[in-house]
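Chemist: Need a 3D model of the following:
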Amino acid sequence: MKLLQALADGSVVAKRNLIKIKRVPDLLVFSTAAPIMFVLLFAYVFGGSIEIPGMDYREFLMAGIFAQTVLFGATITGSGLAEDITKGIIDRFRSLPMARSAVLVGRTTSDLVNNALVIVIMMITGLIVGWRIHSSPLEALAAVGILLLFAYAFSWAMAWIGLLVRSPEVFNNASFIFLFPITYIANTFVQSERLPSVLRHIAEWNPVSAVTLAARELFGNTSPLQTPPDVWPLQHPVLASLGWVVIFLLIFVPLANYQYKRAVAR
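Modeler: All right, here's what the predicted structure looks like:
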């Protein structure tokens with residue numbers, strides 16, 4: 001019964017957040033502007049100097065851009081919660097007869113929808129610059145599903161951080177310090193084998209690398225001339241990606257709910 005109430009209340013909060021995007025379309029515009037800029041920058045400026053054996057760099061690039069996009073999109077969860085705390089919105093929610101977890105469920109769900117819209121826009125951008133899907137429609141949908149699942153799980157980590165710092169400005173600074181290494185020390189833009197020894201080992205076990213490679217394989221953007229590094233996450237990227245989703249949810253859903261209870265009790 002409590003679970004159904006939490007889901008029902010969460011859907012109302014999610015609708016509220018989606019209406020905010022409709023009323024402030026700048027949120028969607030600017031969340032897609034940066035990824036589009038990265039696509040154009042890497043495809044036309046850096047792409048000529050980055051060689052991927054057996055395939056065009058643009059097809060190698062897009063899965064990495066998708067992974068980076070959903071990770072940065074997940075930060076909306078943390079910044080939104082930090083802003084709601086600062087503006088007293090959370091105090092208003094607390095006075096209503098609603099499940100406590102509804103705020104977090106609604107926030108993460110609405111940001112999942114936002115990420116889905118952004119991925120559609122990024123796929124259209126990729127098709128314009130020369131990216132193509134070489135797999136079946138079901139495999140392509142599975143690639144999008146893995147990206148969104150990982151984004152949803154990661155948004156719970158961002159929710160915890162947003163509730164922890166309680167300030168949108170501090171959250172933005174803290175999240176970027178973490179996000180840039182995790183997205184760049186990976187196989188997002190270059191093959192992990194090309195990285196220096198220490199960074200290569202980090203990249204091979206980076207969850208972003210597993211998600212990126214899973215998307216590449218499911219979109220059919222791989223080359224027979226490329227062999228994945230001999231590490232389990234990159235030999236089995238789909239299973240590794242799903243495993244990371246479970247790990248993130250098991251760790252950060254309880255942490256975010258605990259931090260939310262502390263935040264509303266202050």
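Chemist: Just give the number of residues close to I65.
Modeler: Using other C-beta atoms under 10 Å, I65 has 24 other residues around it. No exception for glycine: its C-beta is placed from N, CA and C like everyone else's.
Chemist: Surely it is in contact with M37?
Modeler: No: counting by C-beta atoms under 8 Å, M37 is not a contact partner of I65; they are 10.3 Å apart.
Chemist: Look up how far L112 lies from the nearest residue to F248 once chain neighbours are set aside.
Modeler: Computed as C-beta to C-beta, 6 or more residues apart in numbering, the closest residue to F248 that is not its neighbour in sequence is A153, at 3.7 Å. According to C-beta to C-beta, to the nearest Å, A153 stands 10 Å off from L112.
Chemist: Between the two, which is the more surrounded one?
Modeler: Per other C-beta under 10 Å, whichever of A153 and L112 has more neighbours is A153, with 24 against 19.
Chemist: I'd like to know how far that one sits from P228.
Modeler: Going from A153 to P228 by C-beta to C-beta gives 23 Å.
Chemist: again with L213
Modeler: L213 is 7 Å from P228, by C-beta to C-beta.
Chemist: Report the set of residues contacting both of those two.
Modeler: Both L213 and P228 are contacted by L234, P237, under the criterion C-beta atoms under 8 Å, 6 or more residues apart in numbering.
Chemist: Tell me which of the two has more neighbours.
Modeler: Neighbours were tallied for L213 and for P228 using other C-beta under 10 Å; the higher tally belongs to L213 (29 against 20).
Chemist: Was I right to think the more buried one contacts P229?
Modeler: No: if you go by C-beta under 8 Å, L213 and P229 don't touch, sitting 9.7 Å apart.
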